[in-house]
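predicted structure and sequence below. I'll ask about it afterward.
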Amino acid sequence: MPLSPSHISQIGIHVRDLERARRFYGESLGLAHLFDAPPGLSFYQCGQTRLMLSRVEAPATAEYGTILYYAVPDARAAQEALAATGAPFEEDARCIARVGDKDIWLAVTTDGEGNHVGLMSEQAVEG
């Protein structure tokens, strides 16, 4: 069963110099700054898509480069469906943040070519 994501909700870009990247994306490119999350994340909005700048902390993370986060109705169900097709998961679905009255869920797989793919959902806070 295809997942049919509705859109790319977020793009994550690894950067070496977070301040330089913030100047480029915020000031030069003119994207709307949303918030920062210490110690090394900065978020911007571009239309329907959020941009996450992530400072490289270790040499191993530098190899990941860019990651696309696809919007799915339920990250847990999406992981189950993809795992059933044999897709390997780097990170199991888990709640990564609470924004207002929504929990943000994320699972990370690979596409067989070494590219990481995020499956992201926003769910009403349970309870």
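Sure thing, it's come through.

could you look up the SS state of residue 78?
helix (DSSP: H, G, I helix; E, B strand; the rest coil).

what sits against residue 107?
Residue 107 makes contacts with 75, 76, 78, 79, 89, 91, 92, 93, 94, 118, 119, as judged by C-beta atoms under 8 Å, 6 or more residues apart in numbering. Yep, even glycine has a C-beta here, placed from its N, CA and C like the rest.

secondary structure element for the nearest residue to the first one once chain neighbours are set aside?
I take that to be residue 75. With C-beta to C-beta, 6 or more residues apart in numbering as the criterion, residue 75 has its nearest non-adjacent residue at 3.8 Å, and that residue is residue 105. Secondary structure assignment for residue 105, by DSSP states H and E: strand 102-110.

next one: residue 34
strand 32-37.

so what strands line up beside that strand?
Sheet pairing for strand 32-37, assigned by DSSP bridges, gives strand 41-46 (antiparallel).

hang on, the earlier thing: the residue nearest to residue 75 bridge partners, please.
Per DSSP bridges, the residues bridged to residue 105 are residue 95, residue 121.

secondary structure class for residue 119?
Residue 119 - assigned by three-state DSSP - is strand.
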